[in-house]
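Novice: Got a predicted structure here, sequence first:
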Amino acid sequence: NDDTEELRKVIAQQQEVLKSLEQRLDQTEQRLEATADQVESSSSTTASNKTTIGGYGELHYNNYKDTDAKVDFHRFVLFFGHEFTNKIRFFSEFELEHSIAGEGQDGEVELEQAYVEYDYSDTITTKTGLFLVPVGIINETHEPPTFYGVERNGVEKYIIPATWWEAGVAANFKLAPGIAVDTAITSGLNVGNDYKIRGGRQKVSNASAENLAYTSRIKYTAIPGLELAATVQFQTDLAQSSVGVDKAAATLIEAHAIYQVDNFTVRALYATWNIYGKEAEALGRDEQTGWYVEPSYMFNEQLGAFARYAEYNNEAGFSSSSAVESSSVGINYYLHENVVLKADYEELGGSKDSQGFNLGFGYQF
Amino acid sequence: NDDTEELRKVIAQQQEVLKSLEQRLDQTEQRLEATADQVESSSSTTASNKTTIGGYGELHYNNYKDTDAKVDFHRFVLFFGHEFTNKIRFFSEFELEHSIAGEGQDGEVELEQAYVEYDYSDTITTKTGLFLVPVGIINETHEPPTFYGVERNGVEKYIIPATWWEAGVAANFKLAPGIAVDTAITSGLNVGNDYKIRGGRQKVSNASAENLAYTSRIKYTAIPGLELAATVQFQTDLAQSSVGVDKAAATLIEAHAIYQVDNFTVRALYATWNIYGKEAEALGRDEQTGWYVEPSYMFNEQLGAFARYAEYNNEAGFSSSSAVESSSVGINYYLHENVVLKADYEELGGSKDSQGFNLGFGYQF
Amino acid sequence: NDDTEELRKVIAQQQEVLKSLEQRLDQTEQRLEATADQVESSSSTTASNKTTIGGYGELHYNNYKDTDAKVDFHRFVLFFGHEFTNKIRFFSEFELEHSIAGEGQDGEVELEQAYVEYDYSDTITTKTGLFLVPVGIINETHEPPTFYGVERNGVEKYIIPATWWEAGVAANFKLAPGIAVDTAITSGLNVGNDYKIRGGRQKVSNASAENLAYTSRIKYTAIPGLELAATVQFQTDLAQSSVGVDKAAATLIEAHAIYQVDNFTVRALYATWNIYGKEAEALGRDEQTGWYVEPSYMFNEQLGAFARYAEYNNEAGFSSSSAVESSSVGINYYLHENVVLKADYEELGGSKDSQGFNLGFGYQF
């Protein structure tokens, strides 16, 4: 009948539509499969490229009483890393200091880190190569946006002496959540007969390795906002068995605290060297000591202010009158969390007498 | 009836097909969603990795009358950049000159650029850090495929003096389409008592910053193929307030034009220093001037030829007879738009008398 | 009738479902198109970023009789490459030796490779720039995981003298599967009047290019596990036409074999210089010769051991008694195929008399 005939037509049309839909769906599925494959293969390609680059830099302007104002691109640093497997990775820090290096120039090119890290287990990680000595606050973390003040503080420069790297092996033990111990056996300092700590850094460049350094650090970070850490280092001879120089065993003890509550942070650090030997004693350099305390406040995400009192004495074996006293105030302005403009004013007292201000610009990526 | 029964069957089959299609479409949609998510996340990963690397290099062979032929990898340069946000970015240029740097070696490692750029608005961009002074043609754009001649021209070497970088702050103002102004306040030259411009570059390495430099440039590029630019720089004392040396304020004026019609290009540049001070005057270095004109023609995408006449005089305060006159002709052959082989012949006259040819190889990426 | 009415309803519902399916499929197809486009554009972006980074490094500890033990980050190397097209590519090797470079420092920054390679055809590839001379085993392949022994062997250091790079042009011809010839025209050595090969390397740093070097190598690798190669180099004057020094043409002949069967490998190499000139003859340096043989065995993928006997003589023109004889044994332990710890013991005899051991750590990526 007509009704049925009409229905038949409609159904026939639907058949056509269904066929067409099926074909389109077939094509869509195939196309989707191809696209998904492409995504898969391209993301696996990306994943296999495990080489990373980063860096930091800092430009300084220093204006102190009785000396010429100076501008200096103090440090230009590149990081190169590579992940061999998820347990074995390489990291390095390559630095150009003072913008230009060569015969007759002020600057230097330095390798400050180059080591392979190996996760022996979930709680033990080892390091082999050239790495930063686990001591103090600045030595291992010195990108400009991470600290206050244009120049690094004197205690961690002349007592610790950051940036301080050695060659050797190290291990990090996670004893419990928030408690970790680092131990390292490395090359040591070679102070010569003036026993100045900072000048003793051999920088792993044809370095005398007659006498090694043994370092241990314990770090406590179980309470959010608080870091407590202490390092002890023992060296069997700071003179590296040099002929005509006293044998000079030495111990470095360092402790520091960082405490952050809301926008307020305080950093405090103490470090002291004991050098055993008559020559060091005669120069008053058998004891070399320093400490500082640095409260700071972030007004918002962009602006922070700090004050710091620091004291260090590389002839503490004689008397406290040879100490350098430094009082600083200043600000950090963050254009971006990784780009910072800095300004500070410093009064130097004690065995130094000067005052001046510094402007700085720094970045990390 | 039978008809209806038959239709019923067909419709029941269609129902099955429809269900199956719906299920397949459901699955396809889900799969597509997942694939799209994956694409999204992988491209956001890629997007977050905003660190870029590039570089350029040039190998030179120089053969001049009365001197030994030399081969030298003159410049090996790496660029490192990072995009912090779409308004804040970092750029740097790291260079090894003469292939080897160290005690007793000819070469140097140099930081020639390291600054953060910030787009304050659509028309204003600021720079902070160590950057190239906005002057001349070669100083800011010196990759070997971008210019003719194996060695850079003498005017931009001894008068401008490229490559010339300083530390400070700068701003670029886009006044109108094709019209831009650059201004910069930077560290300045420190020429000592010989008043030689090129030797005055402190390279931001523990540089004296008693006296600054103020630079302005206007650049016109509104007509396709034409670039007109002029720079004025004022320095309050080229001697950086050194004791026992005259105060020597100075002004640099530079102007250049680049005009390209089809395959023909001409470049012309003029630069002059006026140094105010009796010591500079006594040496004839109170005026130091140079200019050049360089027509060139690209025969096809691979081969171009040029001629250049250049004159520069670092004792123009005395007389024009101390000028160095240089006439050059040569070719660039592009193996790729970023890989170039060069050859040129140069006649030196005026206060210099020599002739020779140069071969060069350069690349950029 | 009722039947028909009921069918009508079902068919109407199906119509709805079909419409809905069509709409969903339309949307799915559009979405898929967009996703595929995104994948396409992101993978083309990735594909166009053809800049690659790699590197290697080695830290050495040397403890020899009668000298201080030393630790030294001997070499820190970065590779930068770029693919311009699938036929044109750039490669470079940038090195910091001895960890620190600058005025008064032991180390150096060096450019050891920087060339553009161009595939002229399937069988001919050319090189232009600064590249490693095609000679010996170590000179072109010196990443620490690729060889035994902490320090490189004396023959390839004092006779060949690796690492040896020059500037020029070269071509590689694949004559047949497993047979290739390399030819190069490059800058040459400049030995001065002591005719010491190693000290004659000018390192393409303002190098005298009065006299060139012509090198050819044939390499046979058609049998799996076997490499045979021989190089001949001729230089017209090792003194680079220096005034007051004899003209000293010279020929270097080198041949080596590497043969690997299962876990056992043996390397053997011979190299000799003939220098024509009375001054060289008077110093016994008209002939300078060396050879070594080095069997080794890999116990498993991680541990291998080697022994090596080497002899080299930079005054072979006088007598064989001036030869240095070196006998070494040692092991390589691979933490990863690209991370190696090394230890070896060496006895030095002949014109040298010493003994000692070396520890090494190296990586490549």
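Specialist: Cool, the structure landed.

Novice: quick check: mean pLDDT across stretch A:14-21?
Specialist: For stretch A:14-21, mean pLDDT rounds to 84.

Novice: Can you give me the buried ones in it?
Specialist: Going by neighbour count (16 or more other CB atoms under 10 Å in any protein chain shown), the buried part of stretch A:14-21 is A:14, A:17-18, A:21. Backbone N, C-alpha and C define where each C-beta goes, glycine included.

Novice: mind putting these in a markdown table, distance to chain B and secondary structure included?
Specialist: As requested, the buried residues of stretch A:14-21 are exported to a markdown table (distance: CB to the nearest CB, whole Å; DSSP: H, G, I helix; E, B strand; the rest coil):
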| residue | distance to chain B | secondary structure |
| --- | --- | --- |
| A:Gln14 | 6 | helix |
| A:Val17 | 10 | helix |
| A:Leu18 | 5 | helix |
| A:Leu21 | 6 | helix |
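
Novice: And chain C, is the lowest-mean-pLDDT helix or strand in chain A touching that?
Specialist: Using mean pLDDT, DSSP states H and E, the weakest-scoring helix or strand in chain A turns out to be helix A:2-48, at a mean of 76. Yes: against chain C, helix A:2-48 shows contacts by CB under 8 Å from any CB of the partner chain at A:3-4, A:7, A:10-11, A:14, A:17-18, A:21, A:24-25, A:28, A:31-32, A:34-35, A:38-39, A:42, A:45-46.

Novice: Which secondary structure elements does that helix sit against?
Specialist: Applying 3 or more CB pairs under 8 Å, 6 or more residues apart in numbering or on different chains; DSSP states H and E, we find helix A:2-48 packed against helix B:2-48, helix C:2-48.

Novice: Same list (those helices) but as CSV, adding distance to B:Lys196.
Specialist: CSV is the format used below for those (distance: least, CB to CB, whole Å):
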stretch, distance to B:Lys196
helix B:2-48, 48
helix C:2-48, 45
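
Novice: and the residue of the stretch 1-150 of chain A nearest chain B?
Specialist: A:Gly102 (3.6 Å; CB to the nearest CB).

Novice: residues in contact with that residue?
Specialist: Contacts for A:Gly102 (CB atoms under 8 Å, 6 or more residues apart in numbering or on different chains) come out as B:101-102, B:105, B:107-109, C:102-103.

Novice: Once you drop chain neighbours, what's closest to A:Leu341?
Specialist: In space, and not counting its chain neighbours, A:Leu341 is closest to A:Tyr333: 4.6 Å by CB to CB, 6 or more residues apart in numbering or on different chains.

Novice: Hmm, A:Asp344 and the one you found touching each other?
Specialist: No: in this structure, A:Tyr333 is not within contact of A:Asp344 by CB atoms under 8 Å, at 11.9 Å.

Novice: what about these two, which has more around it?
Specialist: A:Asp344 (22 against 13; other CB atoms under 10 Å in any protein chain shown).

Novice: Hmm, A:Asn358 and that one touching each other?
Specialist: Yes: here A:Asp344 reaches A:Asn358: they are 5.3 Å apart, a contact under CB under 8 Å.

Novice: coming back round to it: what secondary structure does the residue nearest to A:Leu341 sit in?
Specialist: For A:Tyr333, the assignment made with DSSP: H, G, I helix; E, B strand; the rest coil gives strand.

Novice: quick one: low-confidence ranges for chain A?
Specialist: Within chain A, the stretches with pLDDT under 70 are A:1, A:40-49.

Novice: thinking again about what came up before, give the intersection of the neighbour lists for A:Asp344 and A:Asn358.
Specialist: Joint contacts of A:Asp344 and A:Asn358 (CB under 8 Å, 6+ apart) are A:149-150, A:330.

Novice: can you put those residues in CSV and add neighbour count, secondary structure and distance to C:His74?
Specialist: Formatted as CSV, these follow (neighbours: other CB atoms under 10 Å in any protein chain shown; DSSP: H, G, I helix; E, B strand; the rest coil; distance: CB to CB, whole Å):
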residue, neighbour count, secondary structure, distance to C:His74
A:Gly149, 24, coil, 36
A:Val150, 25, coil, 35
A:Gly330, 22, strand, 42
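
Novice: Same question for stretch A:166-176: list its buried residues.
Specialist: A:166-168, A:170, A:172.

Novice: Check the contacts of A:Gly102 for burial and list the buried ones.
Specialist: Counted by 16+ other CB under 10 Å, those give B:101-102, B:105, B:107-109, C:102 as buried.

Novice: Check the gap between the spatially closest residue to A:Ile53 that is not a sequence neighbour and A:Glu93 for me.
Specialist: Using CB to CB, 6+ apart and skipping the chain neighbours, the partner closest in space to A:Ile53 is B:Thr51 (5.3 Å). From B:Thr51 across to A:Glu93, the span is 16 Å (CB to CB, to the nearest Å).

Novice: more neighbours, those two?
Specialist: A count of neighbours by other CB under 10 Å puts A:Glu93 above the other of B:Thr51 and A:Glu93, at 24 against 15.

Novice: For the helix or strand harbouring the more buried one, buried residues please.
Specialist: A:Glu93 belongs to strand A:88-97 when assigned by DSSP states H and E. Buried residues in strand A:88-97, counted by 16+ other CB under 10 Å: A:88-97.

Novice: and chain C, which of these contact it?
Specialist: Answer for those near chain C (CB under 8 Å from any CB): A:88, A:90, A:92, A:94.

Novice: can you pull the contacts of the third one?
Specialist: Under the criterion of CB under 8 Å, 6+ apart, the neighbours of A:Ser92 are A:79-81, A:111, A:113-115, C:55, C:57, C:76.

Novice: switch to 6 Å and redo it
Specialist: A:80, A:113-114 (CB atoms under 6 Å, 6 or more residues apart in numbering or on different chains).
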